[in-house]
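In: What follows is a predicted protein model with its sequence.
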Amino acid sequence: MTTRRTSSPTSSPAAASSSLAEPAKRARCPACLRAVSSCICGWVAPVAHAVDVLILQHPLEVHNAKGSARLLHLSLPNSRLLTGEQFAPDTLAELLADKHTVLLYPDTPGDRSLGIAPPPALDPAILLDPARLRLVVLDATWRKSRKMLYLNPPLQQLPRLPLRDTPASHYLIRKAHAPEQLSTLEATCYALMQLEQDAPRFVPLITAFDGFVAQQLSYVMPHGEKA
């Protein structure tokens, strides 16, 4: 329980106002949207790429310190990042027009019971020209990504791109529910390596991601308390 103190005759209105003011919010970096003290812009590693990348980010991921989508977006010049759980069909139609579009998402037959339509078959011919390709990435937890897929039928109509022979994840700051699960940044980089047939070009971004992970780990105290 708190008690209320009456102001003494010598207390000024300005002093009283100052004592009741809320603590100032931490300044945020306008680029990475993180607190200036934990800015990750130093890890941005711009990489030239031919495939357009559309990142659809769940709102809960926007200010998640462990999230990698912002770093990915800042490092890929031909990328676009939009936040939302459900998008207007007209908006999605415009976003997905003009190019061959594939969804970076595994085939999940078990989702049929949730009302998610089976994806169309991926025609290998559309992968021959990276400049005419668009890769759609869902930045969300596994459960939330399934909900985004369910709520946005146009995404269900996209052929899916399976990843092949990916290395173990470097994502040490977030628990994976399966060994093959990767961060949004890792999965997108490996997809671009696969689509553009040029793995070495994207290695610097994976290296930058390792630095980002190390930075996040540095904020964790020995007993799991954040600094």
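Out: Sure thing, it's come through. Numbering: from 1, shown residues only.

In: Next, the residues that contact the biggest helix by length in the chain from outside, please.
Out: As assigned by DSSP state H, the longest helix anywhere in the chain is helix 199-218. Contacts to helix 199-218, defined as Cβ atoms under 8 Å, 6 or more residues apart in numbering, come from residues 38, 40, 42-45, 47-49, 65-66, 68, 71-72, 75, 170-173, 183, 185-186, 189, 192-193. Yep, even glycine has a C-beta here, placed from its N, CA and C like the rest.

In: avg pLDDT for it?
Out: Taken as a whole, helix 199-218 carries a mean pLDDT of 93.

In: mind listing what's buried in stretch 127-138?
Out: 127, 130, 133-138 (16 or more other Cβ atoms under 10 Å).

In: from the middle of its chain, how far away would that stretch be?
Out: Counting by Cα atoms, centre = their mean, to the nearest Å, stretch 127-138 is centred 18 Å from the centre of its parent chain.

In: likewise stretch 187-203?
Out: Put simply, stretch 187-203 sits 17 Å off its chain's centre (Cα atoms, centre = their mean).

In: Also stretch 56-76?
Out: In terms of Cα atoms, centre = their mean, the centre of stretch 56-76 is set 3 Å apart from its chain centre.

In: Give me the distance between the two termini of it.
Out: Length of stretch 56-76, first residue to last, Cα to Cα, to the nearest Å: 15 Å.

In: likewise stretch 33-50?
Out: 26 Å.

In: what sits against Tyr150?
Out: Going by Cβ under 8 Å, 6+ apart, Tyr150 touches 114-116.

In: Contacts for stretch 88-98 next, please.
Out: Under Cβ under 8 Å, 6+ apart, the answer for stretch 88-98 is 54, 80, 82, 87, 134, 136, 152-155, 158.

In: hmm, 10 Å instead?
Out: 52, 54, 56, 80, 82, 84, 86-87, 101, 103, 132, 134, 136, 152-155, 157-158 (Cβ atoms under 10 Å, 6 or more residues apart in numbering).

In: coming back round to it: let's see if you can find the most crowded of the contacts of Tyr150.
Out: Counting neighbours by other Cβ atoms under 10 Å, the top entry in the contacts of Tyr150 is Ile116, with 18 neighbours.

In: residues contacting that residue?
Out: Neighbours of Ile116 in contact, by Cβ under 10 Å, 6+ apart: 108-110, 146-147, 149-150, 153, 155-156.

In: would you put the C-alpha positions of stretch 105-125 in PDB?
Out: Below are the C-alpha coordinates for stretch 105-125, written out as PDB (Å, rounded to 0.1, in the frame of the first residue of the first chain):
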ATOM      1  CA  TYR A 105       7.000 -23.200 -45.900                       C
ATOM      2  CA  PRO A 106       7.200 -27.000 -45.500                       C
ATOM      3  CA  ASP A 107       4.400 -29.200 -46.800                       C
ATOM      4  CA  THR A 108       2.300 -30.100 -43.700                       C
ATOM      5  CA  PRO A 109      -0.300 -32.700 -44.600                       C
ATOM      6  CA  GLY A 110      -1.600 -32.700 -41.100                       C
ATOM      7  CA  ASP A 111      -2.800 -29.100 -41.500                       C
ATOM      8  CA  ARG A 112      -5.500 -30.300 -43.900                       C
ATOM      9  CA  SER A 113      -7.700 -31.000 -40.800                       C
ATOM     10  CA  LEU A 114      -7.400 -27.300 -39.900                       C
ATOM     11  CA  GLY A 115      -9.000 -26.200 -43.100                       C
ATOM     12  CA  ILE A 116      -5.700 -25.300 -44.800                       C
ATOM     13  CA  ALA A 117      -5.800 -26.200 -48.500                       C
ATOM     14  CA  PRO A 118      -3.100 -28.400 -49.900                       C
ATOM     15  CA  PRO A 119      -0.500 -26.300 -51.900                       C
ATOM     16  CA  PRO A 120      -0.300 -26.600 -55.700                       C
ATOM     17  CA  ALA A 121       2.700 -28.500 -57.000                       C
ATOM     18  CA  LEU A 122       5.900 -26.500 -57.600                       C
ATOM     19  CA  ASP A 123       6.800 -26.300 -61.300                       C
ATOM     20  CA  PRO A 124      10.600 -26.400 -61.500                       C
ATOM     21  CA  ALA A 125      10.500 -24.300 -64.600                       C
END
